[in-house]
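[1] Fold the following, please.
(2 chains)
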Number of protein chains: 2
Amino acid sequence: MFEAAELGREVSKEAYAAEVAELRFALLQAQYRLRDADFPVVLMLSGDDRFGCNETLNVLHEWLDARLLETHAFDAPTDEERERPEFWRYWRVLPPRGRIGLYMGAWTLRAVRDRLGKRIPKAAFERALERMVRFEKMLVDDGALVLKFWLHVPKRELRRRLDRAAKHPEKAWWVEEVDRRLHDSYEKAMATVERALRKTSTGEAPWTIVEATDPHWRNLAVGRALLQALERRLAEPPPERSVTAASAAAAATSDPYTILDTVDLSSKLDKAEYDARFERALSRLKVRTLEAKARGITSLIVLEGSDAAGKGSVIRRLTRAMNAQLYRIVQIAAPSAEEKARHYLWRFWIRLPRAGHVVVFDRSWYGRVLVERVEGFATEPEWRRAYSEINEFEEQLWEGGCLLLKFWLHVDPDEQLRRFEERERTPFKQYKITEEDYRNRAKRPEYEIAANEMIARTSTEFAPWHLVPSNDKRRARIQVLETYADALGLKLEG
Amino acid sequence: MFEAAELGREVSKEAYAAEVAELRFALLQAQYRLRDADFPVVLMLSGDDRFGCNETLNVLHEWLDARLLETHAFDAPTDEERERPEFWRYWRVLPPRGRIGLYMGAWTLRAVRDRLGKRIPKAAFERALERMVRFEKMLVDDGALVLKFWLHVPKRELRRRLDRAAKHPEKAWWVEEVDRRLHDSYEKAMATVERALRKTSTGEAPWTIVEATDPHWRNLAVGRALLQALERRLAEPPPERSVTAASAAAAATSDPYTILDTVDLSSKLDKAEYDARFERALSRLKVRTLEAKARGITSLIVLEGSDAAGKGSVIRRLTRAMNAQLYRIVQIAAPSAEEKARHYLWRFWIRLPRAGHVVVFDRSWYGRVLVERVEGFATEPEWRRAYSEINEFEEQLWEGGCLLLKFWLHVDPDEQLRRFEERERTPFKQYKITEEDYRNRAKRPEYEIAANEMIARTSTEFAPWHLVPSNDKRRARIQVLETYADALGLKLEG
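    Take a look at the predicted model:
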């Protein structure tokens, strides 16, 4: 794989100076056009040539407008990072559309190092590589231009540099133990690197291997490739985003019998039984959430359901079961400008809590395949791929040790209408009901089909959906509280 | 001070139930009205009654709509928090307008504990108290409703609780070592608390001391006070914000001879001298910024000046002097919706870097007293008080060990016009020049008066302004680079 990057290519000082002048100008122009474009650039600069990466990074900052460039180096994770899934640190600094986010080393290099240092077994390394592929694909699907550079030096060049450093230690500030270790186990290290690059070089996000022996060649190779990719992408017409009418129609004509029709809405709970079970669930949750806090086990609770299904009433009971220092209720509405400028999952990633805490999502990332699908805010390709993106997200939460519980609160149309009318009659609840609720209600068949598909496609072994019959509010509250108490109990035992 | 909170007041179960029903309803109503209001609520819940604080917090979450409430408890600072000035952790979670941010314990309790634990000397304690007063005043001036509750139990009640806990250890999960310590040095602790409360009870943000012996009384006292404050505030007309015309006029008629007129714009640097000094500054900065990284010394560099004064050209040289992993360039433009919903300093606080890093602000918080003043985006009272708010901010940076350098790049009107015209002629620079630049230029006298006042009022011993004659670009670049290299050298020695 590295043969083509060991050819000894060079660029003379004069040729370099001449080309750089033009390249800089063109790069800046492209960067300014990018500012008004509808996509971000994720630029990963990595390699076995640690020194070269650093130098090229500096050169890129000179060539580009550094004010529009966000560079992120990833040292040892901070404690806030360690308390979340591994990719949280990459998500939290995702560049907005119109900007370049430059990631130094980042996920690929980290996995390679972990593997070489024997901190992860082979199977975990393979899984990590697959995760990267899915992560990068997701960014690309969302419009990002993902560029990955691997800067490579042959063993003889590394040897030469180390020898020179040994002779002139005063100039060898850049040499670290890791460079010597790389030299000493060069063949083995390169085999691991090669596997990583091969597995993660995809059509959407291929690696560009750059011969880094000659700094001129190295800088030009990166600069040219960046320019070419930027210019090509800027010349493309913006992607079609107008399939929404068709997709809504497709949804409407599908089989209207859904999994939701199998929910038994008739069961009720009398007050005495409710009170007893409620108190019991409450006391179990009080104890268990405190223990989870002490042990750093995070809970994420997702509440979805049609309007007036009783999410608020469930939340009020959930909060009684926990110390208020432990939880946060996150209400999801239309995204802000900052949120719209990034992948739709960004606003959920950045809201992941510290270890041991609880977040209750009052609506969630599932908006993508519910309201955004039905109302046409997401195109059909967008919501179709969201199922696997969401599964991937949830798998990472699960692997990170989170307890994730998803509830669909279900009421039938008559009960929903009754609640709407009650809200209108109660002065105190009027703010809850608007014209839009009635408009949404008219689209109930489409929403049910969307919910049905969502449940089918995102009920996974690690995060199944819990269907909650909610015509009877007591029944709904008890099911959510008991399910949470049971699941947390299992988690604490496990 | 606590006599009035040791009267043994109680509320019967029946009276409590009756009042709570009404109180909850009214609180919710007020909270929903707050949603559309133009101010945030900063609610601090603190006290010597640790147990009571926790209980009341839970009750507030039950009474209010928890979805519109953000609660923040402050355990030991995370490493990301420790690397910034102490108040960063409070700033980063500042609630937006329309919301309630509930701070548990937070700054006051922390200072009291630090003092009681002898982690800070008396003088530092006094300074900390003064800092809180200024912080809270700043929030209030920005429109926040700041409410502070101190929950107090008399010594005999604390004794009773500890005795009961000793008898029934299975129910005593809430007792911690800190409670026993409080009992054993109760008088001394209360003297410190009293001093803290007295010093930080101000007209804008007074403490409400709540007798916490009886939980009913305690909860009602907090709930009532919150409701009353919210209702009163919601009933007030929104503050006048229309003094801008007057303030602009006042500025225009002031003495037009400013400190900027004293800047000697004639001095030039020839290329040979420039090159030599530039290389020297570069190599000093390279070494020193790396050392600062290793030692965790953060640099903040503020660049201000009229349009076309050459900030971009200085930035490009600064970036050549540093490893790109060390710095970030932050370009300040109009605030986003999230930023507008909070105090104007919020967006700068949250951009403070981790220890050892460098942030270059291309325009900064000084926008408040420059463009916002001249264009009338800030009212006269707003920009007038900004001087001391900014000094306070910078003092905290300085005390936190930051190196803060502020540069005013100055060009005369003729040179500015020449540069505007050059930009219009250069295809590559046309994006930099708009109608607005000419409009701003026409307001140059107002801008100069604003800059003059800014320099006079915010040149402090810990963060003086550096005036940079910038008609000659080489001269300007060298001065900035050398000033930074010198200052960082001193800091590293100090």
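[2] tell me which parts of the stretch 1-150 of chain A are close to chain B?
    A:25, A:28-29, A:32, A:54, A:57-58, A:60-62, A:65-71, A:73, A:78-80, A:104 (C-beta under 8 Å from any C-beta of the partner chain). Every residue, glycine included, has its C-beta placed from N, CA and C.
[3] Let me see the ranges of the strands in chain A.
    Counting by DSSP state E, residue ranges of the strands within chain A are A:41-47, A:69-73, A:100-104, A:145-152, A:207-211, A:299-305, A:327-331, A:358-362, A:403-410, A:465-469.
[4] Adding distance to B:Ala456 as columns, could you present those in JSON lines?
    What follows is these, written out as JSON lines (distance: least, C-beta to C-beta, whole Å):
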{"stretch": "strand A:41-47", "distance to B:Ala456": "44"}
{"stretch": "strand A:69-73", "distance to B:Ala456": "35"}
{"stretch": "strand A:100-104", "distance to B:Ala456": "40"}
{"stretch": "strand A:145-152", "distance to B:Ala456": "48"}
{"stretch": "strand A:207-211", "distance to B:Ala456": "53"}
{"stretch": "strand A:299-305", "distance to B:Ala456": "53"}
{"stretch": "strand A:327-331", "distance to B:Ala456": "45"}
{"stretch": "strand A:358-362", "distance to B:Ala456": "48"}
{"stretch": "strand A:403-410", "distance to B:Ala456": "57"}
{"stretch": "strand A:465-469", "distance to B:Ala456": "64"}
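[5] Could you pull up the contacting residues of A:Glu204?
    Taking C-beta atoms under 8 Å, 6 or more residues apart in numbering or on different chains as the criterion, A:Glu204 is in contact with A:136-137, A:140-141, A:146.
[6] same thing but at 6 Å, please
    Under the criterion of C-beta atoms under 6 Å, 6 or more residues apart in numbering or on different chains, the contact list for A:Glu204 reads A:137, A:140.
[7] Can you read off the pLDDT for it?
    Reported pLDDT at A:Glu204 in the predicted model: 90.
[8] Please report phi then psi for it.
    Backbone dihedrals for A:Glu204, given as degrees, to the nearest 10, come out at phi -80, psi -40.
[9] rewinding a little: could I get the strands of chain A as CSV with distance to B:Asp362, mean neighbour count and mean pLDDT?
    CSV is the format used below for those (distance: least, C-beta to C-beta, whole Å; neighbours: other C-beta atoms under 10 Å in any protein chain shown; pLDDT from 0 to 100):
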stretch, distance to B:Asp362, mean neighbour count, mean pLDDT
strand A:41-47, 21, 24, 97
strand A:69-73, 13, 20, 93
strand A:100-104, 17, 22, 96
strand A:145-152, 25, 23, 97
strand A:207-211, 31, 21, 95
strand A:299-305, 39, 24, 97
strand A:327-331, 34, 20, 94
strand A:358-362, 36, 22, 97
strand A:403-410, 42, 22, 97
strand A:465-469, 48, 20, 96
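[10] Among those strands, single out whichever gets nearest to B:Pro464.
    Set against B:Pro464 and scored by C-beta to C-beta, these come closest in strand A:69-73, at 30.1 Å.
[11] Show me what from the stretch 251-400 of chain A comes close to chain B.
    Within the stretch 251-400 of chain A, the positions adjacent to chain B are A:319, A:324-325, A:329, A:331, A:337, A:362 by C-beta under 6 Å from any C-beta of the partner chain.
[12] hmm, 8 Å instead?
    Counting by C-beta under 8 Å from any C-beta, the residues of the stretch 251-400 of chain A lying close to chain B are A:290, A:312, A:315-316, A:319-320, A:323-325, A:328-331, A:336-338, A:362.
[13] Could you give the number of residues near A:Tyr186?
    When counting by other C-beta atoms under 10 Å in any protein chain shown, one arrives at 16 neighbours for A:Tyr186.
[14] Could you tell me how many residues sit around the residue nearest to it when sequence neighbours are not counted?
    Taking C-beta to C-beta, 6 or more residues apart in numbering or on different chains, and ignoring the residues beside it in sequence, A:Tyr186 has A:Lys155 as its nearest neighbour in space, at 4.7 Å. Neighbours of A:Lys155 under the rule other C-beta under 10 Å: 16.
[15] ditto for A:Ala276
    Taking other C-beta under 10 Å as the criterion, the count of residues near A:Ala276 is 10.
[16] Confirm for me that A:Leu409 is in contact with A:Ala309.
    Yes. A:Leu409 sits in contact with A:Ala309 when judged by C-beta atoms under 8 Å, with a separation of 3.8 Å.
[17] what sits in contact with each of these two?
    Common neighbours of A:Leu409 and A:Ala309 are listed as A:470, A:476 (criterion: C-beta under 8 Å, 6+ apart).
[18] Contacts only, for the residue nearest to A:Ser459 when sequence neighbours are not counted.
    Leaving aside its chain neighbours, A:Ser459 sits nearest to A:Trp465 (4.7 Å; criterion: C-beta to C-beta, 6+ apart). Counting by C-beta under 8 Å, 6+ apart, A:Trp465 touches A:406-408, A:454-455, A:458-459.
[19] Touching, A:Ala106 and A:Val42? I think so.
    No. Counting by C-beta under 8 Å, A:Ala106 sits too far from A:Val42 to count as a contact (9.4 Å).
[20] Now do the contacts for A:Pro469.
    By C-beta under 8 Å, 6+ apart, A:Pro469 lies in contact with A:263-265, A:267, A:410, A:475-476, A:479.
[21] cutoff 7 Å now
    Applying C-beta atoms under 7 Å, 6 or more residues apart in numbering or on different chains to A:Pro469 gives the contacts A:263-265, A:267, A:410, A:475-476.
[22] Can I get the buried ones among those as something I can paste into ChimeraX?
    A single ChimeraX command suffices to select whichever of the contacts of A:Pro469 are buried according to 16 or more other C-beta atoms under 10 Å in any protein chain shown:
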select /A:263,265,410,475,476
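[23] just curious, which of the contacts of A:Pro469 is nearest to chain B?
    The nearest member of the contacts of A:Pro469 to chain B, counting by C-beta to the nearest C-beta, is A:Ala476 at 17.7 Å.
[24] what's the burial count for the nearest residue to the closest one once chain neighbours are set aside?
    Leaving aside its chain neighbours, A:Ala476 sits nearest to A:Ser470 (3.9 Å; criterion: C-beta to C-beta, 6+ apart). As a burial measure, the neighbour count of A:Ser470 was computed by other C-beta under 10 Å and equals 30.
[25] Let me see the contact set for A:Ser470.
    Applying C-beta under 7 Å, 6+ apart to A:Ser470 gives the contacts A:305, A:309-310, A:409-411, A:476.
[26] let's see it at 10 Å
    The neighbourhood of A:Ser470, defined by C-beta atoms under 10 Å, 6 or more residues apart in numbering or on different chains, consists of A:263, A:265, A:305-306, A:308-311, A:313-314, A:407-412, A:415-416, A:476-477, A:479-480.
[27] again with A:Glu448
    If you count contacts by C-beta under 10 Å, 6+ apart, A:Glu448 has them with A:251, A:256-261, A:306, A:374, A:410, A:413.
[28] Specify which member of those residues is nearest to chain B.
    Nearest to chain B, judged by C-beta to the nearest C-beta, of these is A:Ser306 at 18.0 Å.
[29] Quick check: the residue of chain A positioned farthest from its centre vs chain B, distance?
    Largest separation from the mean C-alpha position in chain A: A:Lys167, at 46.9 Å (C-alpha atoms, centre = their mean). Here A:Lys167 is placed at a distance of 21 Å from chain B (C-beta to the nearest C-beta, to the nearest Å).
[30] Tell me, what's the model's pLDDT at the residue nearest to A:Ala476?
    The predicted structure scores A:Ser470 at 96 on the pLDDT scale.
[31] Report the separation between it and chain B.
    Here the criterion is C-beta to the nearest C-beta. By it, A:Ser470 lies 18 Å from chain B.
[32] What does that residue show for phi and psi?
    phi -120, psi 10.
[33] ok now stretch A:46-65, how far from the chain's centre?
    Averaged C-alpha coordinates place stretch A:46-65 at 26 Å from its chain's average position (C-alpha atoms, centre = their mean, to the nearest Å).
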